[in-house]
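Novice: take a look and give me a structure for this.
(4 chains)
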Number of protein chains: 4
Amino acid sequence: MIKVGVAGYGTIGKRVAEAVLKSDDMKLVGISKTTPDYSAYLAKSKGIKVYAHSEADLANFEKAGFKVEGTIKDLLSKIDIIVDTSPGKKGAENKPLYEEAGVKMIFQGGEKANIAEVSFNAQANFDQAWGKRIVRVVSCNTTGLSRVLHALHSNIGVKQAKVVLIRRTCDPKEVKGLVNGIQPEMKIPSHHGPDLNTVIPDIKIESLAVVVPTTLMHLHTLIVEFKKDTSREELVELMKNTRRIVLVKGEHGLTSTNTVVELARDLGRPRYDLPEVVMWEDTINVKDGWGYLVYAVHQEAIVQPENIDAIRSMNKLMSKEESIKKTDASLGIVYGSLYK
Amino acid sequence: MIKVGVAGYGTIGKRVAEAVLKSDDMKLVGISKTTPDYSAYLAKSKGIKVYAHSEADLANFEKAGFKVEGTIKDLLSKIDIIVDTSPGKKGAENKPLYEEAGVKMIFQGGEKANIAEVSFNAQANFDQAWGKRIVRVVSCNTTGLSRVLHALHSNIGVKQAKVVLIRRTCDPKEVKGLVNGIQPEMKIPSHHGPDLNTVIPDIKIESLAVVVPTTLMHLHTLIVEFKKDTSREELVELMKNTRRIVLVKGEHGLTSTNTVVELARDLGRPRYDLPEVVMWEDTINVKDGWGYLVYAVHQEAIVQPENIDAIRSMNKLMSKEESIKKTDASLGIVYGSLYK
Amino acid sequence: MIKVGVAGYGTIGKRVAEAVLKSDDMKLVGISKTTPDYSAYLAKSKGIKVYAHSEADLANFEKAGFKVEGTIKDLLSKIDIIVDTSPGKKGAENKPLYEEAGVKMIFQGGEKANIAEVSFNAQANFDQAWGKRIVRVVSCNTTGLSRVLHALHSNIGVKQAKVVLIRRTCDPKEVKGLVNGIQPEMKIPSHHGPDLNTVIPDIKIESLAVVVPTTLMHLHTLIVEFKKDTSREELVELMKNTRRIVLVKGEHGLTSTNTVVELARDLGRPRYDLPEVVMWEDTINVKDGWGYLVYAVHQEAIVQPENIDAIRSMNKLMSKEESIKKTDASLGIVYGSLYK
Amino acid sequence: MIKVGVAGYGTIGKRVAEAVLKSDDMKLVGISKTTPDYSAYLAKSKGIKVYAHSEADLANFEKAGFKVEGTIKDLLSKIDIIVDTSPGKKGAENKPLYEEAGVKMIFQGGEKANIAEVSFNAQANFDQAWGKRIVRVVSCNTTGLSRVLHALHSNIGVKQAKVVLIRRTCDPKEVKGLVNGIQPEMKIPSHHGPDLNTVIPDIKIESLAVVVPTTLMHLHTLIVEFKKDTSREELVELMKNTRRIVLVKGEHGLTSTNTVVELARDLGRPRYDLPEVVMWEDTINVKDGWGYLVYAVHQEAIVQPENIDAIRSMNKLMSKEESIKKTDASLGIVYGSLYK
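Specialist: Numbering: from 1, shown residues only, chains lettered A, B, ... in the order given. The predicted structure is shown next:
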């Protein structure tokens, strides 16, 4: 039983913590938080041990009358591995603490690639994290890109890829977004292409990104030139058989990210989470050697399974295929189709 | 076992159907739909019998290769009561069909009050629907108002009420909303006050309404002059002890409808549904004989339990208190607080 | 010729600067800015002298190759009065600079009332700023409230007022807003009522506020108990004859803030500015001694004329009526109707 | 003097009518409308003659007490050419009326290409409309694409183009949009590529499109493989020297469509209209023979000048260069930069 701590209990942290709870080869020792908000109460009511992130945070918890188990230092003394899910760039600030405690550590995609020994995506490079001490699970967008491009590249061969990422402005619970407008990334190509190359180095890719006023999901329009002939049918078949990718149909009324979320709600998904890449079967096309694919990425949920697989690889618990299968089973992640 | 059919399987229909499935004194015979979209497949996969709404719709289902059980006429021949959840004003068009079949019928708040013998809210006037043949469950906004005002009026006494309803523009799954703007109801007072009076006739109330660009929840700012002295503490206590009302705290980070929805997701609520009125404890105030209360109404979910209670009252199945308690237990509806 | 400087050149600053340029009894000596963005170039191209706000800012301008006239200290040495339009609470930080320079000063509503000798609204209390050294022009929402309530109170008499303010989340040019949700002010009554009382002390008012995901305009639903009998007709007539208030009709297609903005665009208003309160004639109603009025407040533009009038009163340039008339003429501000 | 009528007075109609008024070689005889809303009053107050679109509409105008000049048939009897700006597909319904009246006719991009003899963009194919009887001015998106690709293709040579169009959901004045979500076009490639080919047949292009919850502008991410070597500098220079295209800089704070609209407001543009393509200079890039360009298209304004040029070409009034120059001068359309 690997003893796991989770630093941060926001969008990613709470999902990783719950995924650890559902993994019978791991034990969630506790989570750390900076503020005694409602999610601290929820964590406690679920039996999760809550630690203050720092001494200063400890004071806030005490002031609010919320009893914590100590600070993150106490948590670090009891675990094998810490999953840092704090907001972008904060992970780098926390790293010395983890080093001092001598624990393995996982960071998220908001940190720079050089914080870790390897940038990780389960399907693309599980084995590279094998036994490693420091791993970075790449961001939601890079995770989506990695899944799709890894499948295309290893099965058909990608000569070059162009992708436009249409990004949600902030998460549903936040208040800091773009309200009416479109905000393109000024740097073209954007950082997403190079970030994909930290996971899959040998794909030639250029990315552009824009931010739009929505909170639900990102959407990628992926344009790929293949190394060999393929067909729409072959592409559809490949996507249907790739783990952690599901196909939906516009003709069934699923024509937008908000209808896809409605489907996830109707399916009874916890928090309507869709850790899968959600691809529109209607949009898959091949023409003159180029393929076109449009899919949505649920930014809140997509890296949840990747963190679990990273823990397994870093601790040499099982093989890639076993780990992915086990994670998918415990989290209810499917592929092919979301319904019959 | 009361045999129930549900006409329409949209926002309200699917919730009522599932609530019937969870009620051990009722049997869901089937639902009717107009189009073979993804929710038809989901219904079938849950074992729900799907009927085409009309002969014309039947052709659409056949064209899509989706096997239905017949049309609504077939459904009507097998049930005791139909819950019509079709879009506003369509219920009136369907009514002759129901009359012909000789079934009891429930309509929703989008229909005019005179479609039914009584406009219904479980807590306010359960007994008035007792044994009735045609009942109208009032709209989401009127349901929220009825719950809160019934509690205030029967416990403290309401001299007059002024309410401003800040309405969501459309449901999350729809594409037909106000994108950037505020749209006041031109008719002042709006129809909501008179609609409340169809349920609770003896409250003097004036309402104003505006539509805003959000999909998650409505919000009411309720201003009430009381018939006798009261205090903030008394109001808080009353609200805490009123069924189907929950209090949340801004100081816990729950300062908006989107954070309340995040809480519902974290709680594992199916579809993040909040059939309860969600009131901000921080906003409850009393000053110079007037009370101030601000609460959110989840338009998708709030009438779900009311439809179940209406079925029970119309069929004389049990008393008001028993029915409300039973419905709340089967649907996981609470009061007081959403977490400890 | 009063020599005026404007500190800050954002939403309010640029409008005040242009209004000074259009006032033949004032001279715009210059404006101060913190960053060399596009509006610095526009200011210069209009012949406006640009000063860096601080020494540190000066370095930024130099780095960008943008030639400024000096820092705000240089500007202060050449003027009689500074209009501080910097973001909330920054005015208080700037105040010592202004004190040292010995200039008169105007602050905006984002500052606390005690920063100034008087909180100002032209129609409500022009004379109280007469000859004063430090004046605070109240916020957009308080300005709208002051105009309407001053007219009602001085003509009919207001026994008590309840107002719900539905606020835009941020300005159109900003990226920091609420995207999908409604965010009520947790403190009830909100600060707006007390703020109105800094201008008109003898009105009994309670206010509630919510923030919604729009950028165009605020909207107020105002509910007033009158001291004496009145009628809808009298109210309409009064509003039609009150300066800086215009009536629009829903039946003409003007049923929301976004259609009102479309009208302003069609009218050729600079920046589609509506310094007037925009009231829906359809919504004006009187019932049982209470009046109901719904109007929109263009947060970017409404305080523009107030700042000009404040300058005149503080410098004893002319009477209230003369100043308001002169300001309205120079800025194209009307009352009654926006079109025939 | 060419006698012009405009059918429809919405987003495009009012802009075309005003552009005709500003053209000294044309006379605006009148416009037709279906409803007596505020814009009918504005038109009349500007001295524009208003006709009811049909006999049925005439009754509505009479009921509202709005005096019109007759119906569209009366208007057609007095003009040389009609510019039909009615909503998509309605133009085809109106066409027989125009045929009967024997007038020349212009339709908009909402109609199918085969409604006209030629699909038109001033810079790309002015001469093809020379003397023609029926012309279709292509849609806002196709107009933007035509301008940019015509410049690239005729100066550098385009081997192939991939474009992702990120579309606004509805116009600012409308209430029928996507509120929170992203809605991809299910048909890939989308119709925009083929539509571009109705104007410039020899460019190989594939397009994808998504709709996002904003009202202000569309945004295109254009990816082009060139026929010969070029550089970022060459591309920037070319775009700077192409009429009806302006460059803006992110480093000046113009990093989104809403800040670009703020600039247009500050510039005093009527209705903040930007008939120019607005391209971000920062985003222009060339890498491995491919060029990347990101620009915004103001859907309300971009076809305004194109309609004027189409009138001139169809009536053989002057050459392409003369017409474009004349139109730009009368409408204040620039290129290169919007400010110094």
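Novice: how many neighbours does A:Leu21 have?
Specialist: Using other CB atoms under 10 Å in any protein chain shown, A:Leu21 has 16 neighbouring residues. All C-beta spots, glycine's among them, are computed from the backbone N, C-alpha and C.
Novice: which residues touch it?
Specialist: A:28, A:46, A:48 (CB atoms under 8 Å, 6 or more residues apart in numbering or on different chains).
Novice: check which residues of stretch A:287-303 are buried.
Specialist: A:290-303 (16 or more other CB atoms under 10 Å in any protein chain shown).
Novice: select from these every entry located in strands.
Specialist: Taking DSSP state E, the ones among these that sit in strands are A:290-297.
Novice: picking that back up, for the contacts of A:Leu21, pick the one with the most neighbours.
Specialist: A:Leu28 (23 neighbours).
Novice: packing partners of the helix or strand harbouring that residue?
Specialist: Secondary-structure assignment from DSSP states H and E places A:Leu28 in strand A:26-33. Under the contact criterion of 3 or more CB pairs under 8 Å, 6 or more residues apart in numbering or on different chains; DSSP states H and E, strand A:26-33 touches strand A:2-7, helix A:11-21, helix A:38-45, strand A:50-52, helix A:72-76.
Novice: mean pLDDT for the ones you listed - can I get that in TSV?
Specialist: Shown next, in TSV, are those (pLDDT from 0 to 100):
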stretch	mean pLDDT
strand A:2-7	98
helix A:11-21	98
helix A:38-45	98
strand A:50-52	98
helix A:72-76	98
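Novice: buried stuff in the longest strand along chain A?
Specialist: Identified as the longest strand of chain A according to DSSP E is strand A:158-168. Judged by neighbour count using 16+ other CB under 10 Å, the buried positions of strand A:158-168 are A:158, A:160-168.
Novice: which one among these gets closest to D:Phe120?
Specialist: Comparing the buried residues of strand A:158-168 against D:Phe120 with CB to CB places A:Val164 closest, at 28.5 Å.
Novice: give me the spatial nearest neighbour of the closest one, chain neighbours excluded.
Specialist: Sequence neighbours aside, D:Val164 is the residue nearest to A:Val164 in space, at 4.2 Å (criterion: CB to CB, 6 or more residues apart in numbering or on different chains).
Novice: helix or strand right after the longest strand of chain A?
Specialist: Downstream of strand A:158-168, the next assigned helix or strand under DSSP H and E is strand A:183-184.
Novice: around chain C, which positions in chain A sit nearby?
Specialist: A:169-170, A:172, A:174-181, A:183, A:213-215 (CB under 8 Å from any CB of the partner chain).
Novice: using CSV, write out every CA atom in stretch A:32-46.
Specialist: Presented in CSV, the C-alpha positions along stretch A:32-46 are these (Å, rounded to 0.1, in the frame of the first residue of the first chain):
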residue,chain,number,x,y,z
SER,A,32,-3.4,19.9,2.8
LYS,A,33,-5.4,23.0,2.4
THR,A,34,-4.8,26.7,2.8
THR,A,35,-8.3,27.8,3.9
PRO,A,36,-11.1,26.4,6.0
ASP,A,37,-13.8,26.7,3.4
TYR,A,38,-16.7,24.3,2.8
SER,A,39,-14.6,21.8,1.0
ALA,A,40,-12.5,21.3,4.2
TYR,A,41,-15.8,20.3,6.0
LEU,A,42,-16.7,18.0,3.1
ALA,A,43,-13.3,16.3,3.2
LYS,A,44,-13.6,15.7,7.0
SER,A,45,-17.1,14.4,6.6
LYS,A,46,-15.7,11.8,4.1
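Novice: what helices and strands are in contact with the lengthiest helix in chain A?
Specialist: As assigned by DSSP state H, the longest helix anywhere in chain A is helix A:140-155. Applying 3+ CB pairs under 8 Å, 6+ apart, one finds that helix A:140-155 makes contact with helix A:122-125, strand A:158-168, helix A:192-199, strand A:218-226, helix A:232-240, strand A:245-248, strand A:277-280, strand A:290-297.
Novice: buried set for it?
Specialist: Buried, per 16+ other CB under 10 Å, within helix A:140-155: A:140-153.
Novice: now distance to B:Gly109 and pLDDT too, for those, in TSV please.
Specialist: Compiled in TSV, the buried residues of helix A:140-155 are given as follows (distance: CB to CB, whole Å; pLDDT from 0 to 100):
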residue	distance to B:Gly109	pLDDT
A:Cys140	39	98
A:Asn141	42	98
A:Thr142	46	98
A:Thr143	43	98
A:Gly144	41	98
A:Leu145	46	98
A:Ser146	48	98
A:Arg147	44	98
A:Val148	45	98
A:Leu149	49	98
A:His150	50	98
A:Ala151	48	98
A:Leu152	50	98
A:His153	54	98
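Novice: closest to B:Ala19 out of these?
Specialist: A:Cys140 (34.8 Å).
Novice: flag every residue of the stretch 101-250 of chain A that's near chain D.
Specialist: Close to chain D, as judged by CB under 8 Å from any CB, the stretch 101-250 of chain A has residues A:162, A:164, A:166, A:178, A:180-189, A:206, A:208, A:210-217, A:219, A:221, A:223, A:250.
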